[in-house]
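Asker: this one's structure only:
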């Protein structure tokens, strides 16, 4: 019997969707339909400071305009915090995470002084017990970080892990990809005031939703390395990955919310049809 094909589109409701989101959603939707599989919608709304209900409503409106429908109910991360807390508690019990009290400025300075090519790789160690207790007594903010040192003790050399890539990474990487934990370092899995961060949430969600194929932009290719480590530590299945190219505008820059890329709503208001958009994107 052929294995099921389950993929998902997982936007964050921090603004309106643009062409890049549409391309990614349509890639996943068409792959699911071609395989006779399921296309899921997940709303990644754990960032309570930036996520807005009106943006979620706009996402649903834009997907309907594109002609996309999803199987089953929408999964909203904000409604499943207990799932992430359970995963974090497991990692805590096994000594695989530690409290990090470094400020964002201190982390930035540490990465800036790292060897060339290691800018995104921050690694640290747990504080001595007495020092940690003093900081906790002062109610200092902290983040729970994955300890790659502890992960290596548990799993052995992390570069023995691999994930399968059916698309291509930024440098054309495809096939079985050896994990490079140095690309992520000791990533944040949760903060004192926020129960979960991206890497932990996405790994737990994909497993609980039975996602077999992760189809997303190649800007997230490097994130796959540390996510594969988390899957191994938590005993979760590893999906097949299919990273796709990023759409760029006339200026050569990829479409992004932070650059105020033209939204699907604006395109719709200007009379652009979904068929026009598909033709422009080559889908």
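Answerer: Yep, it's here. Since this is a predicted model, take the numbers as computed values, not measurements.
Asker: Flag the shaky bits of the stretch 51-200 of the chain, pLDDT-wise.
Answerer: Flagging of the stretch 51-200 of the chain using pLDDT under 70 yields the residue ranges 110-120.
Asker: could you redo the last one with a cut-off of 90?
Answerer: 102-125, 181-184, 191-195 (pLDDT under 90).
Asker: need the helices for it, in chain order.
Answerer: With DSSP state H, counting those that start in this stretch, the ranges of helices along the stretch 51-200 of the chain come out as 53-66, 81-93, 104-112, 129-137, 148-155, 198-208.
Asker: most neighbours per residue, which of the ones you listed?
Answerer: Burial of those is given as mean neighbour count (mean count of other Cβ atoms under 10 Å); helix 198-208 ranks first at a mean of 21. All C-beta atoms are positioned from the backbone trio N, CA, C, and that covers glycine.
Asker: In a markdown table, list the helices of the stretch 51-200 of the chain along with distance to residue 42.
Answerer: A markdown table is the format used below for the helices of the stretch 51-200 of the chain (distance: least, Cβ to Cβ, whole Å):
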| stretch | distance to residue 42 |
| --- | --- |
| helix 53-66 | 11 |
| helix 81-93 | 12 |
| helix 104-112 | 27 |
| helix 129-137 | 34 |
| helix 148-155 | 26 |
| helix 198-208 | 6 |
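Asker: do you know which of these lies nearest residue 6?
Answerer: Closest approach to residue 6 among the helices of the stretch 51-200 of the chain is made by helix 198-208 (9.2 Å; Cβ to Cβ).
Asker: which residues sit against the closest one?
Answerer: Helix 198-208 is touched from outside by 8, 10, 42, 44, 46, 75, 77, 80, 83-84, 87-88, 146, 184, 187-190, 211, 214, 223, 226-227, 230-231, 234, 236-237, 239, with contacts defined as Cβ atoms under 8 Å, 6 or more residues apart in numbering.
Asker: so after it, what's the next helix or strand?
Answerer: Once the chain leaves helix 198-208, the next helix or strand it forms, by DSSP states H and E, is strand 213-217.
Asker: from memory residue 43 sits against residue 8, does it?
Answerer: No - using Cβ atoms under 8 Å, residue 43 makes no contact with residue 8, being 10.7 Å away.
Asker: Which one, of the helices of the stretch 51-200 of the chain, ends up nearest to residue 14?
Answerer: helix 53-66 (6.3 Å).
Asker: so what secondary structure elements neighbour that closest one?
Answerer: helix 19-34, strand 38-43, helix 264-269, helix 274-281 (3 or more Cβ pairs under 8 Å, 6 or more residues apart in numbering; DSSP states H and E).
Asker: for it, the distance to its chain's centre please.
Answerer: The gap between where helix 53-66 is centred and where its chain is centred comes out at 20 Å by Cα atoms, centre = their mean, to the nearest Å.
Asker: follow-up on the earlier one: with respect to residue 35, which of the helices of the stretch 51-200 of the chain lies nearest?
Answerer: Of the helices of the stretch 51-200 of the chain, nearest to residue 35 by Cβ to Cβ is helix 198-208, at 16.8 Å.
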